[in-house]
Structures are given as C-alpha cells and as structure tokens.
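Undergrad: Requesting a structural model of the entry that follows:
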Amino acid sequence: MRPPSIQIQSVELAFGAHDWHCQRIEGQNVIRSVFRAYHVSAELTAQAFPELNALSIVAEIPMPIKAPYIPPVLELLNRANKQLNLGGFEFDLDRHRLVFRITNLFEREKYDADIVASMVHCAVAEIDRIAPIARVVLDTPEDELDDLDPAALLDHDDLLPPLPDDEVY
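TA: Modelled structure (predicted):
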C-alpha cells in the first residue's frame, strides 16, 4: 500500500483546521465526508491528483428520478451551469445522483487550506441551493411538466436558505 500523498494530507489538515470529520480511503488519494446543509445532507468526496497538483471536490445527493422527469431536471442543471463561474452540476443517470463538482489546480504540492475550505463551502452550498429547486420539478404532476419553466425556477430566492449572521460554517 502506497503512503498518502502530500496533497491529500494537506486536504486532511484543511478539514481538521475546520473540525470537519473526514475519512481517508486507504491506498487512494481520496477522502470522504458528509456535510449537513440547510436542505440536504451532502456526501462529499475530495480527490487529489498529485501528478497534476489538482484537487477535485464532489458533493452529491441521491435523487431517484422517473424517466419523464429527467429532461426537465437536466435542463435545470444546464441552465444553472450557465450561471456559474466555478464548478458545475451533473446528474449521474446510472446512480441517480445529483452532483456538483469543482476542481482547482494548485501551484504547490501542499494545497492552500483556505482554497480547500472555499471549494468545500462552494460544493456544499451549490448542491444545497439546487436540491429544493430540483425537488419542485420532481413534485410537479407529470401532466404539467410541459408547462414547467426551469429557467424561472432558478430565479426563486424563496427556496434559498437564510444567510448566516456572521457565522462561518
């Protein structure tokens, strides 16, 4: 079994600095964690790619979808992606998982803890933001799907969690 890379060790240190529990996957440059957000409990995977000095953070939640709902959910995610500067939404059709992925290339082998924390916050916040909007699509009666406007759903700020006071989560 190869030892953990400097890169994944720096991710573990960044998690530890925030008292975030994580578990390293033995023999891989991967750690896993779960974050409870406002709407969802996001399963988070952080994978270091030492040869590229890159880190990918993936937040995901289960989202079983019946066939007629797949096109409007995919349209919703596509429209949401057009509004993003960092990261992107995906839907894993095989596993029925809603996914947000963000990747960064680092200058040094030891990743900057603030950037790692920002990536985690971004991934968890984005999956938490889109989940209730996707839920609106899934709760729409099947015979009303053609009338659904995924672009308009993204404008609903009533589905967003309240902003924290001065807390850092």
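Undergrad: Pull the number of nearby residues for residue 39.
TA: 18 (other C-beta atoms under 10 Å). C-beta: built from backbone N, CA, C; applies to glycine.
Undergrad: Isn't it up against residue 134?
TA: No. At 10.3 Å, residue 39 does not count as touching residue 134 under the criterion of C-beta atoms under 8 Å.
Undergrad: Buried residues, the longest helix anywhere in the chain. List them.
TA: Once the chain is assigned using DSSP state H, the helix that runs over the most residues is helix 113-139. Along helix 113-139, these residues count as buried under the neighbour rule (16 or more other C-beta atoms under 10 Å): 113, 116-120, 122-134, 137.
Undergrad: What of stretch 6-21?
TA: By neighbour count on 16+ other C-beta under 10 Å, the buried set for stretch 6-21 is 7, 8, 9, 10, 11, 12, 14, 15, 20.
Undergrad: Also stretch 35-55?
TA: Along stretch 35-55, these residues count as buried under the neighbour rule (16+ other C-beta under 10 Å): 35, 37, 39-40, 42-48, 53, 55.
Undergrad: ok, which stretches of this structure are helices?
TA: With DSSP H as the criterion, the chain has helices at 6-17, 70-82, 113-139, 150-153.
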